[in-house]
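Engineer: Give me a 3D structure for the following:
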Amino acid sequence: MTIKLSGKLPGILAGIALAIGLAGAPATADELQTIKDAGEMRVAMTGAYPPFSLIDDKNEVVGFDADIGAEIARRLGVEPVIVTNAWDGILPSLLAGKFDAIVGSMTITPARQEVVDFVGPYYRSGRAVFVRAGEAGDFGQLSDLSGRNVGVTLGETHEKWAREQDGWNIKTYKGLPELLLELENGRIDAMVIDQIPGLVAIKDGKAMEQAELSDYPFKGDDEIGIAIRKDNPELKAAMQKALDDMQADGTYEAIAMKWVGRDIR
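Structural biologist: Residues are numbered from 1 along each chain as shown. This next block holds a predicted model:
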């Protein structure tokens, strides 16, 4: 795989303005043929969301999302090119044409569907709150986190939700590795992330546990999709077929078992 790093766009407000402007631009020819003519498909993720995307000791992007994106590209008959991009600028960068798709564990929301189309969903997850090991008993309700430092990834849907909670001190970070380090070192008291990467981190030896909040029971019903630019029905159909075929022939399950330890469809 080819790995290329792209810079962060100059701010969330500028990114939103760019996204809205580009979403309203006139449609061009379907991009499937453009991708095939180029012989490669540029697939974006953060590289900071293990086990879905992370940088290994060879400075390569690996993980569940990387393998899913690469396999879809190959089934379209082109080479995968993995591109990393900061999460808070990833949608504007897609709309600006810096890559062809986001395979980055993005929750499908109505707001996002206004500016991009989604292939999938390709897995389901849900929001959860994690604290240091041995401290879950201190947090039985959302209100128990009032006055506490709570970490989130900048630009995720979890950030918006966390800011709606009463009295939480919100601290934003670039991705899960930074959140884990901050929790371990006591600079945050809790973090709000998807449940699956949190449980994988615990399995891998991280000293943390999920808080069992009585007024916010976990529901794994968030649909996670692959974002592409709008008005590309042929590209969307081809990618959906590749994903469906992967799930039918066992390739998807093998990738999920490798990185997550279970089928997460």
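Engineer: dump the residue contacts of residue 215.
Structural biologist: Residue 215 makes contact with 141-143 under the criterion Cβ atoms under 8 Å, 6 or more residues apart in numbering. (Each C-beta comes from the backbone N, C-alpha and C, glycine too.)
Engineer: For the closest residue to residue 159 other than its chain neighbours, list each beta-bridge partner.
Structural biologist: Leaving aside its sequence neighbours, residue 159 sits nearest to residue 152 (Cβ to Cβ, 6 or more residues apart in numbering; 4.3 Å). When bridges are assigned using DSSP bridges, the partners listed for residue 152 are residue 172.
Engineer: Tally up the residues packed near residue 152, please.
Structural biologist: Residue 152 sits with 24 neighbouring residues when counted by other Cβ atoms under 10 Å.
Engineer: so residue 170 touches residue 161, yeah?
Structural biologist: No - contact criterion Cβ atoms under 8 Å: residue 170 and residue 161 do not qualify, at 10.4 Å.
Engineer: what is in contact with these two at once?
Structural biologist: Between them, residue 170 and residue 161 share no contacting residue under Cβ under 8 Å, 6+ apart.
Engineer: Of the contacts of residue 215, keep whichever come out buried.
Structural biologist: residue 142 (16 or more other Cβ atoms under 10 Å).
Engineer: residue boundaries of the helices in this structure?
Structural biologist: Counting by DSSP state H, the chain has these helices, from start to end: 12-23, 31-38, 64-75, 90-95, 110-113, 157-163, 176-184, 195-203, 233-249, 251-259.
Engineer: mean confidence for the fourth one?
Structural biologist: Over the span of helix 90-95, the pLDDT mean works out to 97.
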